[in-house]
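**Student:** The sequence isn't on hand, but the structure is:
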Ligand SMILES: [Zn+2]
Ligand SMILES: [Zn+2]
């Protein structure tokens with residue numbers, strides 16, 4: 001008996017209920033076109049130059065424009081289907097290699113001529129080079145860098161300079177120059193949500209009651225709960241989910257307001273001489289995360305329909321439709337710098353220049369400032385306490401001291417919390 005399904009036959013979508021249909025598998029198109037970036041004049045490697053928006057040869061000064069195809073927010077989206085994934089192009093479209101970090105586990109994709117020996121994510125130099133992983137989906141789009149390295153340095157210096165909590169030595173710290181320009185993987189998601197909800201909604205009503213102890217009628221408010229229900233939906237476009245978990249989600253979240261109207265079609269030229277990161281959070285798990293975000297947004301829209309903000313026993317039936325995704329690369333600068341034995345991270349948006357990161361804190365300075373803030377309250381309080389016996393003003397001086405002390409304590413706590421947050425990942 002012949003084997004079923006026959007060799008190279010695969011299941012295809014069936015329009016007849018109850019019937020499974022097989023068809024010959026389509027041959028997977030393998031794109032082997034590899035672009036090389038060599039200078040036609042001198043043969044040295046060319047690299048993408050941010051200030052020229054094109055390829056440049058550092059050796060002889062040769063310049064070459066690359067074809068920039070701006071597609072913006074209208075960039076084609078893809079449905080969630082296995083076919084789409086199978087048909088998608090894989091690899092980087094050029095010769096690349098990977099740098100694997102033995103400290104943090106990150107894999108960074110590099111041009112073949114790159115001499116990089118430190119990990120952009122953790123600053124470690126415990127790295128090994130390997131041939132690039134060409135199994136990943138090829139990015140379809142990217143946003144080119146707009147901020148050049150000098151500008152990035154300036155942004156980092158201003159950022160360090162605008163906090164008095166940062167140690168003075170750091171403001172001219174050479175390590176801040178060590179930002180690495182790198183393309184990070186991102187997924188964008190689109191979907192239409194449709195929710196029906198019900199919940200108990202609280203209403204304040206006043207009621208009259210007879211107070212037996214004072215033998216009089218009084219009013220009091222109480223909350224009456226009534227069931228309400230509703231129906232709403234949202235159209236969610238261009239929801240960005242990072243394709244990597246190697247960068248602190250908090251700091252990445254602080255800088256990921258990208259202007260998606262600048263999206264261009266991917267071409268390997270943009271990556272010439274640049275580092276890039278393949279995704280370590282694949283499409284499926286990024287989509288899970290996107291659904292959570294969409295669920296929260298839709299829930300907030302439902303809550304907004306309730307007649308008051310007091311809501312309990314909320315439940316929601318949620319449907320997603322018209323779901324689609326894109327895979328693109330977005331430009332950032334990463335710095336992992338050492339300061340007195342500790343590693344700090346900073347990230348700069350390569351399109352907008354927004355910055356977020358950890359800053360070391362000069363705790364000696366902060367202790368001194370807190371002491372100065374608390375001193376007036378303590379001193380005035382003591383003066384009040386000591387003069388309480390001898391003069392009548394003691395009590396009022398004491399009260400002023402107490403108030404000053406409370407203000408000082410609140411200010412100190414605010415400063416402490418802010419300082420503590422600076423160093424956090
Ligand atoms: Zn050249
Ligand atoms: Zn690392």
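**Tutor:** That came through, no problem. Quick caveat, the model's predicted, so the values are computed rather than measured. Ligands and ions are numbered 1, 2, ... in the order given.

**Student:** Do you have the strands of the stretch 101-250 of the chain handy? List them.
**Tutor:** Here the stretch 101-250 of the chain has its strands, by DSSP state E, counting those that start in this stretch, at 107-110, 127-131, 141-142, 180-211, 216-242.

**Student:** Tabulate the ones you listed (JSON lines), appending distance to ligand 1 and mean pLDDT.
**Tutor:** (Glycine included, C-beta is placed from N, CA and C.) Shown next, in JSON lines, are these (distance: least, C-beta to the ion, whole Å; pLDDT from 0 to 100):
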{"stretch": "strand 107-110", "distance to ligand 1": "20", "mean pLDDT": "90"}
{"stretch": "strand 127-131", "distance to ligand 1": "25", "mean pLDDT": "83"}
{"stretch": "strand 141-142", "distance to ligand 1": "25", "mean pLDDT": "94"}
{"stretch": "strand 180-211", "distance to ligand 1": "21", "mean pLDDT": "94"}
{"stretch": "strand 216-242", "distance to ligand 1": "36", "mean pLDDT": "94"}
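
**Student:** Same list (these) but as CSV, adding distance to residue 357 and mean neighbour count.
**Tutor:** Formatted as CSV, the entries for the strands of the stretch 101-250 of the chain read as follows, by distance: least, C-beta to C-beta, whole Å; neighbours: other C-beta atoms under 10 Å:
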stretch, distance to residue 357, mean neighbour count
strand 107-110, 19, 21
strand 127-131, 22, 13
strand 141-142, 23, 22
strand 180-211, 13, 18
strand 216-242, 16, 13
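
**Student:** Any regions of this protein where pLDDT drops low?
**Tutor:** Counting by pLDDT under 70, the chain has low-confidence residues at 1-3, 6-8, 15, 24-35, 171-177, 391.

**Student:** all helices of it, in order?
**Tutor:** Using DSSP state H, the helices assigned to the chain run over residues 82-87, 149-161, 249-255, 283-305, 363-387, 394-422.

**Student:** And those: which comes nearest residue 218?
**Tutor:** Distances from residue 218 to each of these were compared by C-beta to C-beta, and the smallest falls on helix 283-305, at 33.7 Å.

**Student:** wait, doesn't residue 182 sit right on residue 274?
**Tutor:** Yes. Checked against C-beta atoms under 8 Å, the pair residue 182 and residue 274 is within contact range at 7.2 Å.

**Student:** before we move on, back to that, export the strands of the stretch 101-250 of the chain to CSV and tack on distance to residue 407?
**Tutor:** Compiled in CSV, those are given as follows (distance: least, C-beta to C-beta, whole Å):
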stretch, distance to residue 407
strand 107-110, 50
strand 127-131, 52
strand 141-142, 51
strand 180-211, 35
strand 216-242, 34
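
**Student:** how about those, which one is nearest residue 17?
**Tutor:** Ranked by C-beta to C-beta, the member of the strands of the stretch 101-250 of the chain that lies closest to residue 17 is strand 180-211, at 25.1 Å.

**Student:** That closest one pairs with which strands, and in what direction?
**Tutor:** Sheet pairing here is set by DSSP bridges, and for strand 180-211 it gives strand 216-242 (antiparallel), strand 275-276 (parallel), strand 311-339 (antiparallel).

**Student:** Now distance to ligand 2 too, for those strands, in CSV please.
**Tutor:** Compiled in CSV, the strands paired with strand 180-211 are given as follows (distance: least, C-beta to the ion, whole Å):
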stretch, distance to ligand 2
strand 216-242, 17
strand 275-276, 12
strand 311-339, 8
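
**Student:** Tabulate the ones you listed (a markdown table), appending distance to residue 268.
**Tutor:** Conversion of those to a markdown table gives the following (distance: least, C-beta to C-beta, whole Å):
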| stretch | distance to residue 268 |
| --- | --- |
| strand 216-242 | 23 |
| strand 275-276 | 10 |
| strand 311-339 | 11 |
